[in-house]
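Q: model this:
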Amino acid sequence: MKQKFKESGPTSIYISHVVLHEKHPLLRKLKIETLKLLLIDSTVIYLSIGQSLYTPGSNDQLVYIVLFGRLNLQVTSGREGEEVEIIGRVNLGWTLGEEILFDRGMQIR
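A: Numbering: from 1, shown residues only. This next block holds a predicted model:
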């Protein structure tokens with residue numbers, strides 16, 4: 001997370017699992033013990049405006065949960081990918097890549 005009040009340097013913020021459990025629309029549906037296990041085996045990824053989570057054709061087995069903010073789903077076209085079309089939006093609490101949980105053949109994004 002970037003520092004909002006200063007021009008220089010990144011900063012980090014601690015948010016307890018209790019607060020995530022209380023406030024997050026998806027995580028509040030889990031038992032607190034399940035949330036703890038999920039957080040132990042997870043990595044938090046921070047994206048800047050304009051940064052991509054993954055590119056077309058990526059092949060991974062990861063599931064992403066939006067903790068804060070939102071993401072645009074977009075496709076690129078043209079020779080150099082110069083044309084971008086937004087085809088959807090992923091909001092707070094939504095997931096990306098969950099199709100891998102149901103079908104291992106759906107690994108190409």
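Q: From here on, just use CA atoms for contacts and neighbour counts.
A: Will do.
Q: Select the longest helix from the chain.
A: Ordering each helix of the chain by length in residues (DSSP state H) puts helix 32-40 first.
Q: what pairs with the following helix or strand past that one, and is each one parallel or antiparallel?
A: Following helix 32-40 in sequence order, the next helix or strand is strand 64-65 (DSSP states H and E). For strand 64-65, the paired strands and their directions (DSSP bridges) read strand 95-96 (antiparallel).
Q: on that earlier part again, and the longest helix of the chain, which residues are buried?
A: 32, 35 (16 or more other CA atoms under 10 Å).
Q: what's in contact with it?
A: 17-18, 21, 27 (CA atoms under 8 Å, 6 or more residues apart in numbering).
Q: Need the buried ones from these selected in ChimeraX.
A: Selection command for ChimeraX covering only the buried members of the contacts of helix 32-40, criterion 16+ other CA under 10 Å:
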select :21,27
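Q: Now, the contacts of helix 32-40 that are in helices?
A: 17-18, 21.
Q: Can you report how many residues lie near the residue nearest to residue 97 when sequence neighbours are not counted?
A: Spatially, and ignoring its direct neighbours in sequence, residue 97 is nearest to residue 63 (4.7 Å; CA to CA, 6 or more residues apart in numbering). Neighbour count for residue 63, taken as other CA atoms under 10 Å: 13.
Q: And the nearest residue to residue 30 once chain neighbours are set aside, how close does it get to residue 99?
A: Distances taken as CA to CA, 6+ apart put residue 21 closest to residue 30, at 7.7 Å, once the chain neighbours are dropped. As for residue 21, its distance to residue 99 is 24 Å (criterion: CA to CA, to the nearest Å).
Q: Domain ranges for the protein, per the record?
A: 1-42, 45-109 (automatic domain parsing).
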